[in-house]
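Student: Predicted structure and sequence below. I'll ask about it afterward.
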Amino acid sequence: QIDARAGMRNDADVKLAITSLGDWLPNAGGHLYGHFKIGGKLPKLSINGQLQGKSVVWQQQRADSLHLIAGIPDISHPAGKLDLQATGVHLQGLTFQQVNLLAEGSQGDHRLDIDVRGTQLSGELSVHGSLKGTAWNGTLATLNLDPQGMPGWRLQQPVKLGYNDGAMSLSELCLSAGDPLLCITAKQDKAGNLDASYRLHALPLALLLNAAGEAGLPMRADGMLEGNGKLHRSAAGALDGTASITSARGSATYTDHADAPLLSYDQLRVNAELSPTSQRIEVHSGLDQGGHLDGQITIAGNQQSLG
C-alpha cells in the first residue's frame, strides 16, 4: 500500500504486508511486514522505516524473527544507519539464538558491528572504514570467537584491510586462545594474483568440527595441529609455494564409546610443494593397531596445474 501526498517533493508512506514470501521469491517462505517513509527529490531520496519478519526462509537458511530499522538520508550518497536484529537463525549448519548487526556512518567514516549468540558458536566483529574515490581502507578492531565447549579465540592486534578496484589486502590476522594460535595474511593485485601465508600452533581438531557445523554429532575429535605455508596463486589459477601440517597424535571417538576410538593416529605429516608445472603432496602417519599411512601424489605438466 502506498499513500502519497502532493507537493514539490516526494512524500510517501509505503506499507508492506506480505503473508507468503514464497509467492514473491522462489525457494523462500515466511511473512514480512513493514512501513517506510520516502521523501525528497530524485535522485536524493531519503528512506526511513522498519521491516519485521516471521518464519522467514530462503533455501536452507531461516530465521524465526527479524527486525530491521533503516535510516538513509540520501540514497545518492550512501550513508545512514541499518540496524538488524534476528532470532532463531539457522545459517550454513549453524544455529544462532540471537543475531545483531549494526551498520552506520557515511562513505568517509563508517563502521560495522556484528554480535551473534549461538549453539555451536558465539562471537563479535567490529570493522571501521573509509571510502575515498575507489579506495576503501579499514581496520578490523574486534574479532572474538567462542566455540561451544572450548576456550574463546581473541584477535591479538587490529588488522588493516584494503580494497581498490579489484586489489585487496589483509595484514596479518592472528587469533589466539591462550596457547593455540592461527595467523593468516593475504594480498591480491588488480589482475588477480594472490599471495597468502598461514601459521598454525596447537590448533584443536575439535575446532574444525565446530566450524563445519557438526558439533552436534555424537563424536569428539582430539588432537592439535601445527603448520605453516606460503602460497602464490596466479591470475590464471596456477599455484606456487609450500604448505605443511603436522600433528603429534589424535583420535576420533564416538562419545558413547570413549574407550574405543574410531580412529587414532600419531606423527601425522602432510607436506605440499607446488609449482605451475608440478605439484607434490605427501602424507605420512602412524595408525592404531601398529598401522602406517604413507602416500604421495605427484602431478606434472602445465595442463595439470592445480587451481
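Tutor: On my side now, so go ahead. Residues are numbered from 1 along each chain as shown.

Student: same for the helix or strand of the chain with the lowest mean pLDDT, what does it pack against?
Tutor: The weakest-scoring helix or strand in the chain, judged by mean pLDDT, DSSP states H and E, is helix 205-211 (a mean of 77). Here helix 205-211 touches strand 135-147, strand 219-233, going by 3 or more C-beta pairs under 8 Å, 6 or more residues apart in numbering; DSSP states H and E. To be clear about C-beta, it is placed using only N, CA and C from the backbone, and glycine gets the same treatment.

Student: For Q52, which of the ones you listed is the nearest?
Tutor: Comparison of the helices and strands packed on helix 205-211 against Q52 by C-beta to C-beta identifies strand 135-147 as nearest, at 28.4 Å.

Student: And the least confident helix or strand of the chain, how far out from the chain middle?
Tutor: Distance of helix 205-211 from the chain centroid (C-alpha atoms, centre = their mean, to the nearest Å) equals 15 Å.

Student: mind listing what's buried in that helix?
Tutor: Under the neighbour-count criterion of 16 or more other C-beta atoms under 10 Å, helix 205-211 has 205-207, 209-210 buried.

Student: now for the helices and strands packed on helix 205-211, which one comes closest to I281?
Tutor: When the helices and strands packed on helix 205-211 are compared by C-beta to C-beta, strand 219-233 sits nearest I281, at 12.3 Å.

Student: Now the closest one: buried residues?
Tutor: Judged by neighbour count (16+ other C-beta under 10 Å), strand 219-233 contains these buried residues: 219-221, 223-227, 229, 231-233.

Student: follow-up on the earlier one: now tabulate the helices and strands packed on helix 205-211 in CSV and tack on mean pLDDT and distance to G30.
Tutor: Putting the helices and strands packed on helix 205-211 into CSV (pLDDT from 0 to 100; distance: least, C-beta to C-beta, whole Å) gives the following:
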stretch, mean pLDDT, distance to G30
strand 135-147, 96, 29
strand 219-233, 94, 33
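
Student: okay if I get the ones you listed as JSON lines plus distance to L101?
Tutor: Listed next are these as JSON lines, based on distance: least, C-beta to C-beta, whole Å:
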{"stretch": "strand 135-147", "distance to L101": "14"}
{"stretch": "strand 219-233", "distance to L101": "31"}
